[in-house]
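Engineer: Using only what follows, build the 3D model:
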Amino acid sequence: MSDRRTFFKALVSTAIATSILPNIANADDTNTQRSHLPIKPKRLKAGDTIGLIAPSSNTWEDEEIHFAIDVLKSFGFKVKKGKYIFQRRGYLAGNDKDRAWDINDMFQDKDVDGIFCLRGGYGSPRILPYLNYDAIAANPKAFIGYSDITALLNAIYARTGLVTFHGPIAKQNFSEYTLQGFKDILFTPKANIDLGTPPLFEAREGQAEKKNRLTLVTGGSAQGRLIGGNLSLMVKLVGTPFEPDYRGKILFLEDVEEAPYRVDGMLTHLKISGRLNQLAGIVFGKCTDCTASGDSLSIEEVIKDRLGDLNIPVLKGVMIGHIKDMSTIPVGAMATLDANNKRLILTETAVS
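Structural biologist: From the prediction side, this is the model:
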């Protein structure tokens, strides 16, 4: 029986690699060649044309798409809508190949300067085999989103070397904090700036910061390129040709509406798969609405238990996640994690 299963597994794998997923066979070689040569997209400015796509789920109503277009226009951008931006198929924004087509089209269109994702949701890993990574590498431009978009951000970086951006989606109003961080990274790029530092809290007698506290899990300092995003999506990439190389990287994580035992399970998977012991450091942002009932560990306890024995710096609580005041984090850019001083520092500009 085991020989039969092995035979069919090999047969199916070969068929997929040769017919449906032609780019997968050389994925390891591609990662090795490009992991040390990051490609920086050009900075954004008013007057640029931004491609708007829905690579995961769609909005409930079309008017939310028009709202997103107005948000982008508020920056002085012109907006090119994806050909399939208004499509819906249950929890997906249309079929897989159409959603991938919109990404490929936006990268290959010379008139498009950057690409914004409408929202996250579900479904981006489904389209990874259909992306034209050679065309993406040949036409570098800013690609921005978060949550389910994590799979795209890391796959594109892994397969092309292009720096991508874990940041706001088009379907949201930018808080002052979010706007400033976004522009510091993509409009007026700066090096040696802090990432994810909580907003200034005005201390008064009898009050202290409660909501946005930074927690030192393990002290120390490390340098490395940034990878990461949504924890559940990083776990989904493990073992695929689209996962980033973890060696020497600083991993940033966040999640939403996951019970502590599920966060435990996902971190355990990254740990026993050998990914976490390859890292230089870890930053855990916000786990929004990650509540539990009954007998449960807290998220803080889970993080300390699963990450505290790795002998690398680990910091919890930075402004990364499903939150109003969110940081823009460039996947593939070089950073320093100074856990003792509770700082994550971008040490190079992420755009040209």
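
Engineer: who does the strand ranked longest in the chain touch, helix- and strand-wise?
Structural biologist: When every strand of the chain is counted residue by residue (DSSP state E), the longest turns out to be strand 221-230. Counting contacts by 3 or more Cβ pairs under 8 Å, 6 or more residues apart in numbering; DSSP states H and E, the secondary-structure elements packed against strand 221-230 are helix 150-160, strand 250-256, strand 281-288, strand 329-331, strand 334-338. Placement of C-beta: from N, CA and C, glycine included.

Engineer: can you put those in TSV and add distance to residue 304 and mean neighbour count?
Structural biologist: As requested, those are arranged in TSV below (distance: least, Cβ to Cβ, whole Å; neighbours: other Cβ atoms under 10 Å):
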stretch	distance to residue 304	mean neighbour count
helix 150-160	24	27
strand 250-256	14	25
strand 281-288	10	25
strand 329-331	23	29
strand 334-338	17	21
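
Engineer: quick one, which of these is nearest to residue 188?
Structural biologist: With Cβ to Cβ as the criterion, residue 188 lies closest to strand 329-331 of the helices and strands packed on strand 221-230, at 14.2 Å.

Engineer: the helices in this structure, which residues?
Structural biologist: 2-15, 27-34, 62-73, 96-108, 124-127, 133-138, 150-160, 176-186, 231-237, 260-272, 299-307 (DSSP state H).

Engineer: about what we covered before: dump the helices and strands packed on strand 221-230 into JSON lines; add distance to residue 273 and mean pLDDT as well.
Structural biologist: Written out in JSON lines, the entries for the helices and strands packed on strand 221-230 read as follows (distance: least, Cβ to Cβ, whole Å; pLDDT from 0 to 100):
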{"stretch": "helix 150-160", "distance to residue 273": "15", "mean pLDDT": "98"}
{"stretch": "strand 250-256", "distance to residue 273": "13", "mean pLDDT": "99"}
{"stretch": "strand 281-288", "distance to residue 273": "15", "mean pLDDT": "98"}
{"stretch": "strand 329-331", "distance to residue 273": "20", "mean pLDDT": "98"}
{"stretch": "strand 334-338", "distance to residue 273": "22", "mean pLDDT": "98"}
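
Engineer: Make a markdown table from these and add distance to residue 141 to it.
Structural biologist: Compiled in a markdown table, the helices and strands packed on strand 221-230 are given as follows (distance: least, Cβ to Cβ, whole Å):
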| stretch | distance to residue 141 |
| --- | --- |
| helix 150-160 | 11 |
| strand 250-256 | 22 |
| strand 281-288 | 26 |
| strand 329-331 | 14 |
| strand 334-338 | 20 |
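
Engineer: Of the ones you listed, which is nearest residue 208?
Structural biologist: strand 281-288 (18.9 Å).

Engineer: that older thread, among the helices and strands packed on strand 221-230, which comes closest to residue 237?
Structural biologist: helix 150-160 (6.1 Å).

Engineer: what about dumping the CA coordinates of the closest one to CSV?
Structural biologist: What follows is helix 150-160, C-alpha atoms only, in CSV (Å, rounded to 0.1, in the frame of the first residue of the first chain):
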residue,chain,number,x,y,z
THR,A,150,0.8,38.1,2.9
ALA,A,151,1.1,35.1,0.6
LEU,A,152,1.6,37.4,-2.4
LEU,A,153,4.0,39.7,-0.7
ASN,A,154,6.3,36.9,0.4
ALA,A,155,5.9,34.8,-2.8
ILE,A,156,6.8,37.7,-5.0
TYR,A,157,9.8,38.6,-2.9
ALA,A,158,10.9,35.0,-2.7
ARG,A,159,10.6,34.3,-6.5
THR,A,160,11.8,37.7,-7.8
